[in-house]
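Enquirer: using only what follows, build the 3D model:
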Amino acid sequence: MAGQILAGIRVLELGQLIAGPFAAKTLADFGAQVVKIEPPGLGDPLRKWRLLHEGTSVWWEAQSRNKQSVCVDLRQEDGQEIVRMLASQADVLIENFRPGTMEKWGLSWEALHELNPRLIMLRVSGYGQTGPKAREPGFAAIGEAMAGLRYLNGEPGRAPVRAGLSLGDTIAGLHGALGVLLALYQRDARGGQGQVIDAALYESLFNLTESLLPEYAAFGAVREPAGASLPGIAPSNAYPCKDGYVLIAGNGDAIYTRLMARIGRDDLGRDPDLAHNDGRAARVHEIDGAIGTWTAQREIDEVLQAMLEAGVPSGRIYSIADIARDPHYRARNAIAEIEGASGIRVEMPAVFPLLSDNPGAIHDRAPTLGEHTDTVLADAGLSGDQRAALRARGVIA
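Expert: Have a look, this model is predicted:
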């Protein structure tokens, strides 16, 4: 971790599953020491999510790289006292429990701030720490719906769909990590103190909704589902080929002219009414029809080569199998490989973004349950006899 930007920053992760742990993973990738608190027994439920190898999720290997695992029962007073001890020595505490849970355990922001005024506390939740819905359970799927994303996803007149990923969690985690970095800068570069980052899933997604609210506020316009197209921006769509679909984004003015020339439709390319996006958006069905007629007579590779020659952005729709064998991913080292504790070799996304002088790194595999309990607690000041007594009472494992 030497030389990484966050080397020396101590992070205490109390969250489970995705949002909070994703924020912690992001910080760990850039050098922060992340101590993950897990309940004795099964640990973080993510250990059992999706496909397992010898009883452990391969997703866990990616989500929990670069972290240390300490098993503490937070429902017991002695377990809560351990968290206070670790928080007193930490720079950042991350939690994504339902609001009120930390307070119930005597681990409120006020209590922790009094204990360690420099502590930064990231709180990730479905609806935020305040407001009428704050105490309601909120998962990513619900946040996506409340933020307006689900309304837009899918074909007109059909049930809304979701991406097969927990976007709400990871996007909230990224917002949370950004908040931590801002708070660290305020504390360390400007002489500030610790503070709370309140990251709500629905607000993190709402932050991505571009022109939705401005258009509604100004014109009463409600953007409706539009399938594979991007409403109001033309042409940009998925077009049929003999062997599947291809994406073409010809919505720049000069790009549009080149695209139309390449498919033999100079009549549309030189039409002054279509020279700019507003005119093209009004006649998007005509333009998409012309492009789709041309692509439907060709295979994907032929279309992509033609678009490349014309300087028009285009691409095939990748499955994960396509990603795994794509030479561009490999050339940029965008795919990392780790050997898990069980010996399985797992590929996963590498560390992003790329920094020229202080790049992130994967320096440790994901921990086994409670692998670092003794090491971390000993470093924090608990003697062997104290740890043995706590283990005997089921407080740690």
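Enquirer: contacts, neighbours, all on C-alpha from now
Expert: Fine.
Enquirer: quick one: low-confidence parts of the chain?
Expert: 1-2 (pLDDT under 70).
Enquirer: that one: strands as residue ranges?
Expert: 10-13, 33-38, 52-53, 56-57, 67-71, 92-95, 120-125, 196-200, 236-241, 244-249, 314-316, 335-339, 345-349 (DSSP state E).
Enquirer: nearest to Leu149, of the ones you listed?
Expert: With distances scored as CA to CA, the stretch of the strands of the chain nearest to Leu149 is strand 196-200 (15.1 Å).
Enquirer: which ones are touching the residue lying closest to Ile248 once chain neighbours are set aside?
Expert: Spatially, and ignoring its direct neighbours in sequence, Ile248 is nearest to Ser314 (4.4 Å; CA to CA, 6 or more residues apart in numbering). Applying CA atoms under 8 Å, 6 or more residues apart in numbering to Ser314 gives the contacts Val246, Leu247, Ile248, Ala249, Leu304, Met307, Leu308.
Enquirer: got a quick PyMOL command for the buried subset of the residues you listed?
Expert: Buried members of the contacts of Ser314, defined by 16 or more other CA atoms under 10 Å, are picked up in PyMOL with:
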select buried, resi 246+247+248+249+304+307
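Enquirer: which one of the contacts of Ser314 is nearest to Val222?
Expert: Nearest to Val222 among these, with distances taken as CA to CA, is Ala249, at 23.5 Å.
Enquirer: surely that closest one is in contact with Ser236?
Expert: Yes: using CA atoms under 8 Å, Ala249 is in contact with Ser236, at 4.3 Å.
Enquirer: could you measure from the nearest residue to Ala23 once chain neighbours are set aside over to Val70?
Expert: Residue nearest to Ala23 in three dimensions, not counting chain neighbours: Gly173, with 4.4 Å by CA to CA, 6+ apart. According to CA to CA, to the nearest Å, Gly173 and Val70 sit 21 Å apart.
Enquirer: repeat that for Thr101.
Expert: Distance of Thr101 to Val70, computed by CA to CA: 20 Å.
Enquirer: higher neighbour count, those two?
Expert: Val70 (27 against 14; other CA atoms under 10 Å).
Enquirer: that one and Val34 touch, don't they?
Expert: No: Val70 lies out of contact with Val34 (CA under 8 Å); the separation is 10.4 Å.
Enquirer: where do the helices sit along the stretch 51-200 of the chain?
Expert: 58-63, 77-88, 101-104, 109-115, 140-146, 149-152, 167-189 (DSSP state H, counting those that start in this stretch).
Enquirer: which of the ones you listed is buried the deepest?
Expert: Ranked by mean neighbour count, those are led by helix 58-63 with a mean of 22 (mean count of other CA atoms under 10 Å).
Enquirer: with just CA atoms, put that helix into CSV.
Expert: What follows is helix 58-63, C-alpha atoms only, in CSV (Å, rounded to 0.1, in the frame of the first residue of the first chain):
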residue,chain,number,x,y,z
VAL,A,58,-17.0,-15.6,-6.0
TRP,A,59,-18.7,-12.2,-5.8
TRP,A,60,-17.3,-12.0,-2.3
GLU,A,61,-13.8,-12.3,-3.7
ALA,A,62,-14.3,-9.2,-5.8
GLN,A,63,-16.3,-7.1,-3.2
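Enquirer: tell me, what residue is most central in the chain?
Expert: Residue closest to the average C-alpha location in the chain (CA atoms, centre = their mean): Thr170, at 2.4 Å.
Enquirer: quick check: the gap between that residue and Leu213.
Expert: From Thr170 to Leu213 the distance is 23 Å (CA to CA).
Enquirer: so the residue nearest to Ala23 sits against Leu17, correct?
Expert: No: Gly173 is not in contact with Leu17 according to CA under 8 Å; the separation is 11.2 Å.
Enquirer: residue farthest from the centroid of this structure?
Expert: Asp267 (43.9 Å).
Enquirer: correct me, but Pro137 touches Gly126?
Expert: Yes: using CA under 8 Å, Pro137 makes contact with Gly126 at a distance of 6.8 Å.
Enquirer: now do the shared contacts for the two.
Expert: Joint contacts of Pro137 and Gly126 (CA under 8 Å, 6+ apart) are Arg98.
Enquirer: more neighbours, the two?
Expert: Neighbour count, other CA under 10 Å: between Pro137 and Gly126, Gly126 has more, with 30 against 13.
Enquirer: which residue comes closest to that one once chain neighbours are left out?
Expert: Using CA to CA, 6+ apart, the nearest residue to Gly126 is Gly138, at 4.2 Å.
Enquirer: what about that neighbour, how many residues nearby?
Expert: 18.
Enquirer: for it, give its distance to Val70.
Expert: Applying CA to CA, the value for Gly138 to Val70 is 26 Å.
Enquirer: ok, Gly311 next?
Expert: 53 Å.
Enquirer: same question, Phe97
Expert: 18 Å.
Enquirer: what's the answer for Leu93, then?
Expert: 14 Å.
Enquirer: can you check Gly128 too?
Expert: Taking CA to CA, one finds Gly128 at 27 Å from Val70.
Enquirer: next: Glu337.
Expert: Taking CA to CA, one finds Glu337 at 24 Å from Val70.
Enquirer: with Gln33 instead?
Expert: Taking CA to CA, one finds Gln33 at 13 Å from Val70.
Enquirer: cool, Gly55 as well?
Expert: 19 Å.
Enquirer: and Ile362, by the same measure?
Expert: In terms of CA to CA, Ile362 sits 20 Å off from Val70.
Enquirer: what do you get for Arg265?
Expert: From Arg265 to Val70 the distance is 64 Å (CA to CA).
Enquirer: coming back round to it: phi first, then psi, for the residue nearest to Gly126.
Expert: phi -140, psi 110 (degrees, to the nearest 10).
Enquirer: surely it meets Tyr127?
Expert: Yes: using CA under 8 Å, Gly138 makes contact with Tyr127 at a distance of 6.8 Å.
Enquirer: so what's Ala7 closest to, chain neighbours aside?
Expert: Nearest to Ala7 is Gly31, by CA to CA, 6+ apart, at 4.5 Å.
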